[in-house]
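Asker: Kindly generate the corresponding structure for this input.
(2 chains)
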Amino acid sequence: MRWSDAKAAIGRHGVRELWAYRELVYAFVVRDLQVRYRQTVVGVAWVIVQPLVNTLLYSGLIQLLQTRTATENVSNFLLILSGSIIWQPFAQGVQQTTLCLANNRSLITKTYFPRLLLPLAAVTTPLIDFAIGWVCLVVISIGFGVPIHAGWFLAPLIALLVTTMAFAVGVWTSMLNALYRDLMSLVPFLLQIGLLLTPVIWETQLLIPEQWRTVAAINPMVTIIGLFRTAWFGQPLPTLAMIVVSTVSLVTVLLSGLWFFRRNEDLVADSV
Amino acid sequence: MNVIQLENVGKRYWLRHRAPDRQIAEMLNDGVRSLAGLFRGRLPQRHPSTREEFWALRDVSLQIRAGDVVGLLGRNGAGKSTLLKLISWIMAPTTGRVGVRGRLGCLLEVGTGFHHELTGRENIFLNGSILGMSRKEIRSKFDQIVDFAEVEAFLDTPVKHYSSGMFVRLAFSVAALLDPEILIVDEVLSVGDAAFQKKCHGVMRDAVARGCTCLMVSHNLPTIINLCQRAILLQKGQVTADGNPQDVAQEYLKTVRGSGGSIVWEDPQTAPGNDIARLKSVRVLQGKPAEAVGDVDISARTVIEVQYRCLHSLEELYCAIVLKDQMGTTVFMSSSAKPVSLTPDSWAGRPHPIGVYRSVCRLPENFLNEGRYSVTAIVGRGISEVQAIAEDAIAFDVHDTGEMRGLYFGQWPGVIRPKLAWQTDRADTMLYPDGV
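Answerer: Modelled structure (predicted):
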């Protein structure tokens, strides 16, 4: 017999139970993908339209400012696009995860499953964005005459990092949003600020003085995008200190988020 | 062997009271204050200092053995749904502990997790996963599900275009073919048309025959009496009766009496009416001694009583009622006026001296069907001058004790359900020698 009470309650059965419910994660992901572009004309193309338009806008702006890139032979357009296709899935992931508990309220109050499945599923769908973005970047890079590079195929690793990052943030925001719907309004706003604080439309080498880069790496996205550009354009690797700081920061957010989620998981059916 | 066990289980909720009619300015003010609090490092309470605790369940201990079919009875708010949610692990109890053994199939709502943009086919897979089936299992039962739901032609249509009947059928079918070891059902059998309901009950019976443990909530007493071996009555969060369904159902009917089914206007100034006549009370009475009831036994005699005050000397008053069913359809209108009443009413249309009067309209037994009815009370003068009217003044529920049903326990069609005389003969006998 499996018992639940006020303290040692439901959903405390760890990784084993999550694994037992893996098919449900899959079902949620399939649902989200199936629903996402129903009744749209352009359909899946929206995935690339958004970062492309953003990139065009920002690169136009930067062209006007007449800045040059840190790396020779790499245009502003490509640099910004490489940042965008990383940032877009991250922002998507965080945004969807924030809403995942609140949007599935009827499921949470009517059926049992480990609640962590919902944020897990929500961060998974933006991987499609990443994959499509990657293909576009490959095509456009070749078009710009960038030599094909073995590093391009390290993309799955980068995708894993971005997803983990989105998940770490999303576990926090999803539970907070279940308790206080303020997050729904706050998160898009914070993501806007995050976009400017992260080297998406600018380059770490150009804007951040060397001694401050380690501090900037508290934002793991700085290092993740740095790694991606290293792999793509052969820019210098982020320093070891940066990688360590980012890893510590990412793990801290992730573990504290999981702790916070667990602590409130049993009550979420009452308060969501 | 017990498959469900509850030990001193309690569940507490916090009720938040909010001042009524909050102005936008106040709400803004509150918002600004909470923001200020945030900056000072305090997590704001959403509505400070106005919360009250409420125990939806208190000290409930239960054991359910494998293979038991148990019905759960109780008024709205008695804690039935909370109990099911605790057993199905959706919520954690505040006190005590809940134990469950075996695979749980939980039907708290038809169509949980259905997505309106997805097609029927896609929803079958999604819903099956939510209910705990593996994809392999769903695939193997897919045809059975589609067959059962009778939606084959619409499999690739988004369910938002389904009629509500189709939607419910599909949703139930997925759940019905789940094969759980413990089935928890909350009020879902009251959906769909009679034919489909019969199918649903068939599925329930099969599940029971397989040895599946069932726990079901229903307001439909015949369902409980016919399907269950045991019933549990919940009242204000506590178990007050547990045992033979027939007895518990009687207990249930008894306990719900005396609440509802009556309205009294204490203050003659504010009662419906005018300077000539005002209503005093409207009640549904049943039993011996007569008692105002909100729940009416279908097989017992029922009267509707209207009391009114005549405020102006020698007015020629009469009384009327309009009975409507839960859809708002008028079942009948009747009045005490001479040509309308079955038996002559001694005061109808006669000049009334000032005072309080009581009109009583008798309804035959076995006349109304199950369901909720409302009564509109009218005091009139002359041919059709309405002096006092109370629209839908009271409502009452008619309950079936199962006598007329035998083994049929779907919904009985019809607005009324009179008991009529039937006679079958060989067709070659003489035809109506005395007329019909």
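
Asker: what's the offset of stretch B:348-358 from the middle of its chain?
Answerer: 38 Å (CA atoms, centre = their mean, to the nearest Å).

Asker: Can you list the neighbours in contact with that stretch?
Answerer: B:280, B:305-319, B:335-338, B:341, B:347, B:359 (CB atoms under 8 Å, 6 or more residues apart in numbering or on different chains). For glycine as for every other residue, the C-beta is placed from the backbone atoms N, C-alpha and C.

Asker: All the helices of the stretch 1-150 of chain A, residue numbers only.
Answerer: In the stretch 1-150 of chain A, helices defined by DSSP state H, counting those that start in this stretch lie at A:14-20, A:22-36, A:46-65, A:76-103, A:105-110, A:117-124, A:126-143, listed in chain order.

Asker: looking at the ones you listed, which is closest to B:Ile276?
Answerer: Of all the helices of the stretch 1-150 of chain A, helix A:105-110 sits nearest to B:Ile276, with 53.1 Å by CB to CB.

Asker: got the buried residues for that closest one?
Answerer: A:107-110 (16 or more other CB atoms under 10 Å in any protein chain shown).

Asker: circling back to that earlier point, export the helices of the stretch 1-150 of chain A to a markdown table and tack on mean pLDDT and distance to chain B?
Answerer: Output for the helices of the stretch 1-150 of chain A, formatted as a markdown table (pLDDT from 0 to 100; distance: least, CB to the nearest CB, whole Å):
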| stretch | mean pLDDT | distance to chain B |
| --- | --- | --- |
| helix A:14-20 | 81 | 10 |
| helix A:22-36 | 87 | 4 |
| helix A:46-65 | 80 | 16 |
| helix A:76-103 | 91 | 11 |
| helix A:105-110 | 87 | 4 |
| helix A:117-124 | 93 | 10 |
| helix A:126-143 | 89 | 17 |
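
Asker: Turn those into CSV, including distance to B:Val146.
Answerer: Listed next are those as CSV, based on distance: least, CB to CB, whole Å:
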stretch, distance to B:Val146
helix A:14-20, 27
helix A:22-36, 18
helix A:46-65, 33
helix A:76-103, 28
helix A:105-110, 23
helix A:117-124, 26
helix A:126-143, 30
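
Asker: Now B:Gln307: which helix or strand?
Answerer: Assessed by DSSP states H and E, B:Gln307 sits inside strand B:302-310.

Asker: cool, B:Ile4 as well?
Answerer: Taking DSSP H and E as the definition, one finds B:Ile4 inside strand B:2-16.

Asker: Quick one: list the elements packing against that strand.
Answerer: strand B:51-65, helix B:80-87, strand B:95-100, strand B:213-217 (3 or more CB pairs under 8 Å, 6 or more residues apart in numbering or on different chains; DSSP states H and E).

Asker: In JSON lines, list the ones you listed along with distance to chain A, mean neighbour count and mean pLDDT.
Answerer: Supplementary listing: the helices and strands packed on strand B:2-16 in JSON lines, determined by distance: least, CB to the nearest CB, whole Å; neighbours: other CB atoms under 10 Å in any protein chain shown; pLDDT from 0 to 100:
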{"stretch": "strand B:51-65", "distance to chain A": "10", "mean neighbour count": "16", "mean pLDDT": "89"}
{"stretch": "helix B:80-87", "distance to chain A": "7", "mean neighbour count": "24", "mean pLDDT": "89"}
{"stretch": "strand B:95-100", "distance to chain A": "4", "mean neighbour count": "20", "mean pLDDT": "90"}
{"stretch": "strand B:213-217", "distance to chain A": "13", "mean neighbour count": "23", "mean pLDDT": "88"}
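
Asker: Make CSV from those and add distance to A:Ser82 to it.
Answerer: Below are these laid out as CSV (distance: least, CB to CB, whole Å):
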stretch, distance to A:Ser82
strand B:51-65, 52
helix B:80-87, 49
strand B:95-100, 52
strand B:213-217, 57
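
Asker: Would you mind listing where chain B has pLDDT under the threshold?
Answerer: B:16-27, B:38-50, B:187-194, B:219-220, B:254-260, B:326-328, B:402-411, B:431 (pLDDT under 70).

Asker: any chance you could map the helices in it?
Answerer: With helices called from DSSP state H, chain B shows them at B:24-39, B:80-87, B:120-130, B:135-149, B:164-176, B:194-209, B:221-227, B:245-256.

Asker: Could you say which of those is packed most deeply?
Answerer: helix B:80-87 (a mean of 24; mean count of other CB atoms under 10 Å in any protein chain shown).

Asker: Just checking the distance from that one to the centre of its chain.
Answerer: 17 Å.

Asker: Please name every helix or strand in contact with that helix.
Answerer: Using 3+ CB pairs under 8 Å, 6+ apart: helix B:80-87 touches strand B:2-16, strand B:51-65, strand B:69-73, strand B:95-100, strand B:182-186, strand B:213-217.

Asker: Show me which residues of the stretch 101-250 of chain A are close to chain B?
Answerer: Contact residues, the stretch 101-250 of chain A versus chain B (CB under 8 Å from any CB of the partner chain): A:106-113.

Asker: thinking again about what came up before, would you reformat the helices and strands packed on helix B:80-87 as CSV and include distance to B:Val239?
Answerer: Converted to CSV, the helices and strands packed on helix B:80-87 look like this (distance: least, CB to CB, whole Å):
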stretch, distance to B:Val239
strand B:2-16, 9
strand B:51-65, 6
strand B:69-73, 10
strand B:95-100, 13
strand B:182-186, 17
strand B:213-217, 13
